[in-house]
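*Asks:* I would like to see how this sequence folds:
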Amino acid sequence: MAEDAASGRAQPLGAAAPLGSEDGNVQVKLVPALLEDADAEDIVVLVADMLARLIAHNDLIPLHPSSLTRFHSRATPAISISSYLRRIARYTSLDKACALILLVYIDRVCARMDGFTICGLTVHRFVCAAVVCASKALCDAFSTNGHYARVGGISLVELNMLEKEFLTIIDWRLTCSGALLQHYYTSLVRSHAGFRLQGDAKGDLSTTAPTTMDVDS
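*Replies:* Purely as a prediction, here's the structure:
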């Protein structure tokens, strides 16, 4: 999965290029070193930007009929993934752990489902189903599927189907260690030119997000 678009292979999270470069024109926001102290809105921005980077790469890969899944839309939705994730976060009170674990889910699904890519055709439906599953697994309180469907812009029947498909593909592995989530958070911040960890003076932008090799931690 580490090959580039010219090879027709998907780019994993760990191979995503750092977002931008740090220079005098970039306004850098300092964020807490620990995930538990981080602001939920910052997590949403970090996750959305990572998804956008994956889409930019994977949309260059030709789509083959054999690669189609239930998560594929017939056409790319008009709403950007950044706006879509912000909408979900706003209207469902998305917990920051649920937002961040979306990236863990992507690595796990890609490890189990050869040929699946997060691209413009799959990301919205995947994220909607993943948010539903994450919220139910990690939170004491969560919305109904009907509410998630309305916010996500799909029918309840469709969301129920996507939720079932998602659980099957990921083999019901909906949780991970706090250490792994912290690792994803640290890596996301260090790969983003607009953020820097407090106490991380140089903000090492060469550090990338974990790959599928890390998801069993």
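*Asks:* buried ones in stretch 110-127, by neighbour count?
*Replies:* Using 16 or more other C-beta atoms under 10 Å as the test for burial, stretch 110-127 gives 110-111, 116-127. To be clear about C-beta, it is placed using only N, CA and C from the backbone, and glycine gets the same treatment.
*Asks:* could you work out the end-to-end span of it for me?
*Replies:* 14 Å (C-alpha to C-alpha, to the nearest Å).
*Asks:* now do it: distance to the chain's middle.
*Replies:* In terms of C-alpha atoms, centre = their mean, to the nearest Å, the centre of stretch 110-127 is set 10 Å apart from its chain centre.
*Asks:* average pLDDT across it?
*Replies:* Taken as a whole, stretch 110-127 has a mean pLDDT of 91.
*Asks:* contacts for it?
*Replies:* 1, 10, 12, 51, 54-55, 58-59, 61, 63-64, 66-67, 69-73, 75-77, 79, 81, 84-85, 88, 102, 106, 109, 152-154, 162, 166, 169-171, 212, 215 (C-beta atoms under 8 Å, 6 or more residues apart in numbering).
*Asks:* for the buried residues of stretch 110-127, which one is nearest Tyr185?
*Replies:* Within the buried residues of stretch 110-127, distances to Tyr185 taken as C-beta to C-beta reach their minimum at Val127, with 18.0 Å.
*Asks:* circling back: need the buried residues of stretch 110-127 in a markdown table (columns: distance to Ala38 and secondary structure).
*Replies:* Below are the buried residues of stretch 110-127 laid out as a markdown table (distance: C-beta to C-beta, whole Å; DSSP: H, G, I helix; E, B strand; the rest coil):
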| residue | distance to Ala38 | secondary structure |
| --- | --- | --- |
| Cys110 | 25 | helix |
| Ala111 | 26 | helix |
| Phe116 | 29 | coil |
| Thr117 | 28 | coil |
| Ile118 | 23 | coil |
| Cys119 | 28 | coil |
| Gly120 | 28 | coil |
| Leu121 | 31 | coil |
| Thr122 | 27 | coil |
| Val123 | 23 | helix |
| His124 | 25 | helix |
| Arg125 | 27 | helix |
| Phe126 | 23 | helix |
| Val127 | 20 | helix |
